[in-house]
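Peer 1: Provided below for reference: sequence and predicted model.
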Amino acid sequence: MKRAAGRDPALLFVVAWLVLVLLTGISIWTAFLGLGVFAPAVQFGIAATQAAILFILFMRLKGPPSLKWVFAGSGFFWLLFLYGLSFTDYATRQGWPHR
């Protein structure tokens, strides 16, 4: 792996891993906060942030456009599709959460 602009790539990956672990901890913490109807939005936001970190750093999407961008874009499209279906399911459920 090349060293870019004086940065140590190993340090970058360690920091990214620590941020992912921190976001996982925040996700677990918010699950027990009792945010009500805002809980899915917060959880999906945290998951989208984690996915963005994985896309940019671990798939090495920094740099000029290439075929990697097509596959990453299609993966992100399906992720948004999954989120849309999940929100639709949540919005149309009757009697849950108990009000």
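Peer 2: Yep, that arrived.
Peer 1: and the lengthiest helix in the chain, how far out from the chain middle?
Peer 2: For the chain, the helix that runs over the most residues, judged by DSSP state H, is helix 67-92. Here the centre of mass of C-alpha atoms in helix 67-92, compared against the chain's by C-alpha atoms, centre = their mean, to the nearest Å, lies 11 Å away.
Peer 1: so what does it touch, helix or strand wise?
Peer 2: In terms of contacts (3 or more C-beta pairs under 8 Å, 6 or more residues apart in numbering; DSSP states H and E), helix 67-92 is packed against helix 39-53. Quick note: C-beta positions are derived from backbone N, CA and C, even for glycine.
Peer 1: the helix it packs on - what's its average pLDDT?
Peer 2: Averaging pLDDT along helix 39-53 gives 89.
Peer 1: and that helix, what other elements does it pack with?
Peer 2: Using 3+ C-beta pairs under 8 Å, 6+ apart: helix 39-53 touches helix 9-31, helix 67-92.
Peer 1: now do the buried residues in the first one.
Peer 2: Of the residues in helix 9-31, those buried under the neighbour-count criterion (16 or more other C-beta atoms under 10 Å) are 20, 27, 30.
Peer 1: low-confidence stretches in the chain?
Peer 2: Counting by pLDDT under 70, the chain shows low-confidence ranges at 1-7, 96-99.
Peer 1: redo that, cut-off 90
Peer 2: 1-13, 31, 33-41, 44, 48, 51-76, 79-80, 83, 86-99 (pLDDT under 90).
Peer 1: so is residue 94 in a helix, a strand, or just coil?
Peer 2: coil (DSSP: H, G, I helix; E, B strand; the rest coil).
Peer 1: perfect, that will be all.
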